[in-house]
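*Asks:* Predicted model, plus sequence, below.
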Amino acid sequence: MGRPSPEDVFTNTLTSLDNLTHNTVSLTHSDLNNKAEQCDRRDAEGRFISDQLNKPFVDKLDVLTDELSLRLNALGAQARAQSRLDVDTMKQLISDLCKVHYISVSVLEVLLDRKPQSLRQTI
């Protein structure tokens with residue numbers, strides 16, 4: 001076998017966009033559709049809802065109800081009060097926070113007053 005030509009390797013990039021099977025105009029799941037869909041998909045407490053996840057997702061604190069914010073802040077209070085916690089205690093706190101929903105690392109950072117890199121590496 002000989003070496004492939006650029007046309008063989010880069011067939012889609014060398015053709016015009018009009019000829020592509022999946023150009024951005026004809027995509028069923030375009031970025032605009034997904035963004036509009038995602039913005040509207042929050043539960044009554046402000047958590048993000050997705051068909052891809054089996055639990056709600058806390059991705060932002062500023063969209064949550066006051067009640068949920070207070071509960072999450074209460075659960076993270078021990079970590080915020082103590083600059084050093086043993087790994088098992090921190091794991092238990094995160095487990096308690098994530099029992100009924102997923103929480104992004106950026107939200108955990110605020111709730112626990114820890115750096116995201118520290119949370120990723122240690123926990």
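*Replies:* It's in. Residues are numbered from 1 along each chain as shown.
*Asks:* quick one: the helices in this structure?
*Replies:* For the chain, applying DSSP state H gives helices covering 6-9, 11-14, 31-39, 66-81, 87-97, 105-112, 116-122.
*Asks:* Quick check: mean pLDDT of the second one?
*Replies:* Averaged over helix 11-14, pLDDT sits at 48.
*Asks:* now the closest residue to residue 113 other than its chain neighbours: how far from residue 60?
*Replies:* In this structure, residue 113 finds its nearest non-sequential neighbour in residue 80, 4.3 Å apart by CB to CB, 6 or more residues apart in numbering. All C-beta spots, glycine's among them, are computed from the backbone N, C-alpha and C. Separation of residue 80 from residue 60 (CB to CB, to the nearest Å) stands at 19 Å.
*Asks:* what's the answer for residue 69, then?
*Replies:* Going from residue 69 to residue 60 by CB to CB gives 11 Å.
*Asks:* Repeat that for residue 68.
*Replies:* 12 Å.
*Asks:* Which one's more surrounded, those two?
*Replies:* Neighbour comparison, residue 68 and residue 60: the larger count goes to residue 68, with 18 against 14 (by other CB atoms under 10 Å).
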